[in-house]
Structures are given as structure tokens and as C-alpha cells.
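**Student:** requesting a structural model of the entry that follows:
(one chain, ligands or ions: 1)
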Amino acid sequence: MWRRRPIQPIRRPPLRRPARRAHPKLVEAHKLFQNGDYLEAAKLFEELADKAEKNKIPQAPRLYLQAGAAWIKAEEKDKGIEIIKKGLGKFIERKKWAELKRSASAVVHRLRENGLNEQAVEIETWLEKQVPQEVKEAPVWVKATSVRGSRVSAQLPTNCPKCGGPVNPKEVDWIDTSTAACVYCGSLLRAD
Ligand SMILES: [Zn+2]
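**Tutor:** Purely as a prediction, here's the structure:
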């Protein structure tokens, strides 16, 4: 029996990055969070959120919310709540009312799920003061829950294939009845 030295494939870095690949740091941040490395995840999400905000990227508010969730998991509750308010505040600045309502509901739900009732009430009370009365009475606010989403929710992937972020069917931005956009990287998620 003779052996041949295994031939190493020549690996060349691709000349250009595929256009819609998620930011490697975003992929890393989700991984850190999923592995329970909350402190590192929090710092990275916050860094990404600041950068996204500076570059006017629409995902910036959600990145702040995820940073806040990570700070809370890292037992830094006050810091977490402060960052969550910052994230929700960015939706208010941009007058993205439907996104604000969906995200705020998801945040409050998540806080309650983790037994953080006091913090949930703090967010609700704060939000109540931030949203103008005429918005609260408008259809955009009243009907902001994703009805279309709930119909096809079971068919969406649980994590974004591009960035690895968790997919919450009630929080995603639905483009049509079978396509949604990842709230962290904007990649299209197909329900099939
Ligand atoms: Zn994504």
C-alpha cells in the first residue's frame, strides 16, 4: 500500500465579497449571544448599532434593542433598559411607528418572560409618554401587530441564514405574505 500526500486545495480569498453577506461582526455577535457570552455580545451589538446609526442604516434601532437584551442577560439591567430606550427612541426619531410598536411589544414580552415586570412597566410607561396622542389613535399604531405574519409564521426559518439572528415572526418586517426581511441584516427570509 502506498500513500500519497494529500493535496491541499489552493484557497484564494474571493476577489469581492458577495454583496448581501451579513457583516462578520454581526454574525459573531449573534453567536456570542446564543452561546451565553452576553457581556461580549452586548458590547459588540452596541458597537454595531452605533456604526449603523452613524451610517443611517435602518437596522440600527433593532441592534440597540439586541444590545439592551444582552446587557440585561449580563446582569446589567439598568444599562440594558437605557440602551433599549435608545433603540426605541431611534424609531420615534424616524417616525417608524409600526416598527416601534412591534418592537416595543416584543421587548416588553421578553422582559416579562424573564420575570422583569418592573422593567417591563418602566418601558411601557416611558413609551406612553413618548408617542404622540394622534399616533396612538392612528391605524398605523392600532393595527401594527403583524396579522399577515401570524398566518405564515410557522414557515419562517427560526434563524436568519445570513446573519444567524433569531427570527421572531411577530417582529419581522413583512414584505409580502411569504417574504420578510431580517431585522438585523435586512436579508430576505422566505416562508416555504
Ligand atoms: Zn439577518
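**Student:** which parts of the chain are helices?
**Tutor:** 24-34, 38-54, 60-73, 77-93, 97-113, 117-130, 133-136, 139-142, 147-152 (DSSP state H).
**Student:** dihedrals phi and psi, residue 36?
**Tutor:** phi 80, psi 10 (degrees, to the nearest 10).
**Student:** quick one: residues contacting it.
**Tutor:** Residues near residue 36 by C-beta atoms under 8 Å, 6 or more residues apart in numbering: residue 73. C-beta: built from backbone N, CA, C; applies to glycine.
**Student:** thinking again about what came up before, buried deepest among the helices of the chain, which one?
**Tutor:** Ranked by mean neighbour count, those are led by helix 60-73 with a mean of 26 (mean count of other C-beta atoms under 10 Å).
**Student:** wondering if that one reaches the ion at all.
**Tutor:** No - shown here: helix 60-73 not in contact with the ion (C-beta under 5 Å from the ion), separated by at least 10.1 Å.
**Student:** sorry, back to before: can you list the helices of the chain in JSON lines and add mean pLDDT?
**Tutor:** Below are those laid out as JSON lines (pLDDT from 0 to 100):
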{"stretch": "helix 24-34", "mean pLDDT": "97"}
{"stretch": "helix 38-54", "mean pLDDT": "98"}
{"stretch": "helix 60-73", "mean pLDDT": "97"}
{"stretch": "helix 77-93", "mean pLDDT": "97"}
{"stretch": "helix 97-113", "mean pLDDT": "93"}
{"stretch": "helix 117-130", "mean pLDDT": "96"}
{"stretch": "helix 133-136", "mean pLDDT": "92"}
{"stretch": "helix 139-142", "mean pLDDT": "84"}
{"stretch": "helix 147-152", "mean pLDDT": "50"}
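**Student:** of all those, which one is nearest residue 187?
**Tutor:** helix 24-34 (10.6 Å; C-beta to C-beta).
**Student:** pull the CA atoms of that closest one into CSV?
**Tutor:** The C-alpha trace of helix 24-34 is given here as CSV (Å, rounded to 0.1, in the frame of the first residue of the first chain):
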residue,chain,number,x,y,z
PRO,A,24,-19.0,39.2,10.1
LYS,A,25,-19.2,41.1,13.4
LEU,A,26,-23.0,40.8,13.3
VAL,A,27,-22.7,37.0,12.8
GLU,A,28,-20.2,36.9,15.7
ALA,A,29,-22.5,39.0,18.0
HIS,A,30,-25.4,36.6,17.4
LYS,A,31,-23.1,33.7,18.1
LEU,A,32,-21.8,35.2,21.3
PHE,A,33,-25.4,35.8,22.5
GLN,A,34,-26.5,32.3,21.6
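**Student:** and that helix, how far out from the chain middle?
**Tutor:** 12 Å (C-alpha atoms, centre = their mean, to the nearest Å).
**Student:** got the angle for it vs helix 60-73?
**Tutor:** Inter-element angle recorded for helix 24-34 and helix 60-73: 30 degrees (by axes from the mean of the first three to the mean of the last three C-alpha atoms, to 10 degrees).
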